[in-house]
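> no sequence for this one, just the structure:
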């Protein structure tokens, strides 16, 4: 039940107290679930006497987070930078490819099978090859992020472009609009909700891509830190890094959702 | 062609109901190839349709689903190429009419752009046809058309803030904005509830009498066809064809009372009988 508090006139109550009350009702289940899980976890590790090397208790992860704050922050900066570069380039590549494939159907019949074929290659396995080709700097990591995340972006964009109301295309043809103009004026805006669905998948893939790339050859970043910590059997730091990676992924996801909310407010599905 | 016309109509009142044949379709046949490329199947949707539409008339294509009435409508507007026969508009190939923006389209779903306001939707086509309109004149034209369809005051609403009937009014405003000679309407009120449908039927009659367009209207509702039309072409299936054409001799302006007239009822009976035979069952 999602009842809204109302005053005597039947209008929704928008006093601060009422908004706080509704907000709490909205988020309290999630808060209880998270806090409950953490408490269970802590107690289970304590009572079952699980060695810290295998599973770190939330308290020791918290301690590690505080203790290694500087290291984690520096590593996050490095990883966030390659995620942002890689994701931005994936978006550009994904959108351009989708536009070209939809605008030129014949070329699309030639290229599309290749794109699908490429998608079936396990791209995580490409990471070592990129290191051989490009060494330890930014380019192999950004490249890995691109090959992992451009596909869902492109695919969703293509689906969005193709799902445009056929009557709108007929309308554009009836006034003699060129194909390119129809694409830009009608098809691209229609495809934006679909594109944003792809961007949300793409941005989480970008985080995965960055960590995998740093596993394969890096001397900084969260992926490197996870590998380094596990080689030192510093399990709390591994978990602390994972917490940071997850927080980063969630933040990026909601950044995209927020962007969606502002760019396409007319699409009713754009709920944050 | 008159160039930048921002008046309601380019047709002088005297030309109304003249015998001038605006659209002449002769022996039009339309077929599509369906099936896989291994075993293509040729399917004839329209067979040997001949039809003359005089200027300023309200003409309805009435028939059951699958009789090709929508295809005929699109073919008459030059949006589907016939596989046989010819279509002339103003004694010229139909492509000329398209180039001169003489064809206005209204579909069953309003097909509005959800990110644009009512006004921007109504003015959308004008903004694309730049040789006729500046940004200002396009918006002005959009505003006039919205007021014509009874939506003054809703200029800034987005389509998802409008009811189904209002959305369809916007789409009619959009279709009229370029001042086309011919308005093609493909079951425009088919998805609306009965009350809204009646309201829009009368609104359309009103708009038609003000703008004096030539309207070709597709429907499968007998009473809607009778209420609106000057002439009704009853279509049959397998193959899609015109089985009978009827002049509707009911006085105008037509009102709610028209629906109760004895002549209306007898037309209704006649059309129902024709549709039964055309259905072939």
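Now that the structure is in, tell me what you want to look at. Model, not experiment: these values are computed from the prediction.

> which residues touch whatever residue of the stretch 151-281 of chain B ends up closest to chain A?
Chain A sits closest to residue B:158 of the stretch 151-281 of chain B, with a gap of 5.5 Å, by Cβ to the nearest Cβ. Yep, even glycine has a C-beta here, placed from its N, CA and C like the rest. Listed by Cβ atoms under 8 Å, 6 or more residues apart in numbering or on different chains, the contact set of residue B:158 reads A:266, B:114, B:115, B:116, B:117, B:118.

> what's around the fifth one, how many residues?
When neighbours are defined as other Cβ atoms under 10 Å in any protein chain shown, residue B:117 has 20 of them.

> list the contacts for the residue of the stretch 101-250 of chain A found nearest chain B?
Using Cβ to the nearest Cβ, residue A:167 is the residue of the stretch 101-250 of chain A that sits closest to chain B, at 4.2 Å. With contact set as Cβ under 8 Å, 6+ apart, residue A:167 has these partners: B:105, B:107, B:109, B:111.

> in the stretch 1-150 of chain B, which spans are strands?
For the stretch 1-150 of chain B, the strands defined by DSSP state E, counting those that start in this stretch occupy B:21-34, B:41-54, B:58-62, B:84-89, B:92-93, B:103-106.

> Save the ones you listed as a markdown table, and put in mean neighbour count, mean pLDDT and distance to chain A too.
Below are those laid out as a markdown table (neighbours: other Cβ atoms under 10 Å in any protein chain shown; pLDDT from 0 to 100; distance: least, Cβ to the nearest Cβ, whole Å):
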| stretch | mean neighbour count | mean pLDDT | distance to chain A |
| --- | --- | --- | --- |
| strand B:21-34 | 16 | 90 | 15 |
| strand B:41-54 | 17 | 90 | 16 |
| strand B:58-62 | 25 | 96 | 17 |
| strand B:84-89 | 18 | 92 | 13 |
| strand B:92-93 | 12 | 92 | 14 |
| strand B:103-106 | 26 | 94 | 5 |
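
> These into CSV, with extra columns for distance to residue A:88?
Shown next, in CSV, are the strands of the stretch 1-150 of chain B (distance: least, Cβ to Cβ, whole Å):
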stretch, distance to residue A:88
strand B:21-34, 44
strand B:41-54, 48
strand B:58-62, 53
strand B:84-89, 51
strand B:92-93, 50
strand B:103-106, 40
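
> now for these, which one comes closest to residue B:266?
strand B:58-62 (16.1 Å; Cβ to Cβ).

> Quick check, residue A:210 in contact with residue A:218.
No - Residue A:210 is not in contact with residue A:218 according to Cβ atoms under 8 Å; the separation is 9.7 Å.

> And the two? Which one has more around it.
When residue A:210 and residue A:218 are compared on other Cβ under 10 Å, the one with more neighbours turns out to be residue A:210, at 33 against 26.

> Would you tell me what helix or strand that one is located in?
Secondary structure from DSSP states H and E places residue A:210 in helix A:188-216.

> where do the contact lists of residue A:210 and residue A:218 overlap?
Contact criterion Cβ under 8 Å, 6+ apart; residues shared by residue A:210 and residue A:218: residue A:141.

> Low-confidence regions, chain B specifically.
Applying pLDDT under 70 to chain B flags the ranges B:1-19, B:279-281.
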